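Q: coordinates for the following, if possible.
(chains A and B)
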Amino acid sequence: MAAENQTRKQQKYQRRVQQKKPKPPVVRNVIAAFVVGGLICVIGQVILNFCCALGLSVQEAGAPTAAVMVALGSLLTGLGWYDELGKFAGAGSAVPITGFANSVVSPALEFKREGFILGVGARMFVVAGPVLVYGTLTSVMVGFVHWLVKSR
Amino acid sequence: MNQKKVGKQTYLFSRPLPILSSAAVVGKKEGDGPLGNYFDEIVLDPLYGERSWELGESKMVRRAMDLALAQINLAYGDLDIMFGGDLLNQIIAANFAARHVPVPFFGLFGACSTFSEALALAGIALDGDFVSQVLVTASSHYQTAERQFRYPTELGVQRKPTAHWTVTGAVATIVGSSGSGVALTGITVGQVIDMGIKDVNDMGSAMAPAAVDTIQQHLQDTGRQPSYYDVIATGDLGSLGKGLAQDMLAEAGYDVENNYTDCGVLIFNPDQDTHAGGSGCACSAAVFSGYFYPRLMNGNLQRMLLVSTGALLSPTSYQQGESIPAIAHAVAIEKV
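A: Okay, here's the model as predicted:
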């Protein structure tokens, strides 16, 4: 039902709902997201430093660090802990790369019963798919702008 | 003709139609809730020993049917017909349960209003003297509903304070054509009401106007005051929807402060992390079967109006930006 077609009665009711709706605890959510997101980044930093200590350059250490973090996120998802963390931390656990792993592994687990082709294969990127599509699109656009600026 | 229909949407049965038995099988979280002791059986494993959650839900339906029959020593052959439904695509929990039993079957989809929808149709079939023993079922399941309507269960998302928690459970109720006890005496068939709510994390607000419409219509059609009922219970409006419904009824001149409640609010404790409360077909069904039915039987309550509420959306409709239509059917249940 498009907004312009709404009757007065519907608009009045929606205003009533807005007034009564409990607000999400924003301050608590922001603090939880900051602390948990920060901790996940600290763990990433420790792994990065460890890789550097083994003799990799900072740039080289990025890939193994990401791989370890993705593995950790996947493991915690498989153990059934990451959704509990997500419930507590919100964006704090969704935004880091471990959250990306969670968004791929959770549908893969969920749709295993529909088989490896139509279940896991087809549904694995049901949550992460849009991020990949628009992330890739954005990177192409940024690359194009970069090329334009540089080629002047 | 038409002497059983009163007013616009209400049918009063020519005789009380007794509820012969009722059984509720619920999940662990429901068992841990404030009504945990009242349910017939608590299933700790969401799979219930099956290969998938969907089959687990279907098995809960079968278990509830077995229990309801056993309570009154009946066999499936004694049943004339069954009405059942659930939330899943093509109502597979009910359909797959019905394939195991030799009983003629009508599958229903009324979203979370299914239980009162099924009771209403059972009443019509019985009062019309087509049948003499009817089985009614309704089920829902947290995991099967989550994966169909929302996200994979292991995805780490934060729920909104207005979100509901789908009740895991199945209920089977058997209604007979004559006798005393706790009986269906009338129904009010709801209309689909859409107030333009689009937030799928706020079903309570979407459904409250449908509940109010049906309750108001019932009182108008019958000429009864809200105080006629010891309890008026909506299905799963949750804390927000319940408040909205109560306000709207008060504004319409119906004082329900003392006898109005909501099954979605009753079934979980606030500290169970279920936010606005329970939802799903099994919510109103299990609360009725486990909590209200025994209280009607032992005379603590004399009359109740059960108003199961359903949000008639699908994943397709909300992804296409449609608002959420809702429905509520009322069933008057009295001790006779």
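
Q: quick one, helices of chain B?
A: Under the criterion DSSP state H, helices of chain B are mapped to B:28-32, B:53-71, B:92-98, B:114-127, B:142-149, B:203-222, B:238-251, B:263-266, B:281-287, B:293-297, B:315-319.

Q: which strands or helices does the second one pack on?
A: Read that as helix B:53-71. Secondary-structure packing of helix B:53-71 (3 or more CB pairs under 8 Å, 6 or more residues apart in numbering or on different chains; DSSP states H and E): strand B:10-27, strand B:41-43, helix B:92-98, strand B:133-140, helix B:142-149, strand B:169-176. Backbone N, C-alpha and C define where each C-beta goes, glycine included.

Q: now that helix against strand B:10-27, angle please.
A: Orientation check (axes from the mean of the first three to the mean of the last three CA atoms, to 10 degrees): helix B:53-71 against strand B:10-27 gives 110 degrees.

Q: find the nearest non-adjacent residue to A:Pro64, please.
A: Closest residue to A:Pro64 apart from its sequence neighbours, by CB to CB, 6 or more residues apart in numbering or on different chains: A:Cys51 at 5.4 Å.

Q: next up, the contacts around the one you found.
A: A:Glu60, A:Ala61, A:Pro64, A:Thr65 (CB atoms under 8 Å, 6 or more residues apart in numbering or on different chains).

Q: can you give me the mean pLDDT across the helix or strand encompassing it?
A: In this assignment (DSSP states H and E), A:Cys51 forms part of helix A:26-53. Averaged across helix A:26-53, pLDDT comes to 96.

Q: before we move on, back to that, now, of the contacts of A:Cys51, which are buried?
A: By neighbour count, with 16 or more other CB atoms under 10 Å in any protein chain shown, the contacts of A:Cys51 hold A:Ala61, A:Thr65 as buried.

Q: can you give me the end-to-end span of stretch B:64-82?
A: 13 Å (CA to CA, to the nearest Å).

Q: any buried residues in it, and which?
A: B:Ala64, B:Met65, B:Leu67, B:Ala68, B:Leu69, B:Leu74, B:Leu79, B:Ile81, B:Met82.

Q: neighbours around residue 89, how many?
A: No chain was given, so I picked chain A. A count of nearby residues for A:Ala89, using other CB atoms under 10 Å in any protein chain shown, gives 26.

Q: you answered for a different chain; I wanted chain B.
A: B:Asn89: 12 neighbours (other CB under 10 Å).

Q: over to B:Gly280?
A: Count around B:Gly280 with other CB under 10 Å applied: 30.

Q: please state the backbone phi and psi of it?
A: phi 100, psi 160 (degrees, to the nearest 10).

Q: where's A:Gln59, which helix or strand?
A: Using DSSP H and E, A:Gln59 falls in helix A:58-78.

Q: what bits of the chain have low per-residue confidence?
A: Using chain A here. Along chain A, segments meeting pLDDT under 70 span A:1-5.

Q: I was after chain B.
A: B:1-2.

Q: need the residues of it near chain A, please.
A: Residues of chain B lying close to chain A by CB under 8 Å from any CB of the partner chain are B:51-52, B:147, B:151-162, B:194-197, B:202, B:205, B:209, B:240, B:243-244, B:247, B:273, B:322-323.

Q: how many other residues sit next to the residue in chain B that chain A sits nearest to?
A: Residue nearest to chain A within chain B: B:Gly156 (1.9 Å; CB to the nearest CB). By the criterion of other CB under 10 Å, B:Gly156 has 26 neighbours.

Q: can you name the helix or strand that the residue nearest to it when sequence neighbours are not counted falls in?
A: Distances taken as CB to CB, 6+ apart put A:Gly86 closest to B:Gly156, at 1.9 Å, once the chain neighbours are dropped. Assigned by DSSP H and E, A:Gly86 belongs to helix A:82-89.

Q: quick one, that helix and helix A:26-53 angle?
A: 130 degrees.

Q: give the other helices and strands that helix A:82-89 contacts.
A: helix A:26-53, helix A:58-78, helix A:91-94, helix A:97-110.

Q: quick revisit: and the helix holding A:Gln59, which residues are buried?
A: So, applying 16+ other CB under 10 Å, buried residues of helix A:58-78: A:Ala61, A:Thr65, A:Ala66, A:Val68, A:Met69, A:Val70, A:Leu72, A:Gly73, A:Ser74, A:Leu76, A:Thr77.
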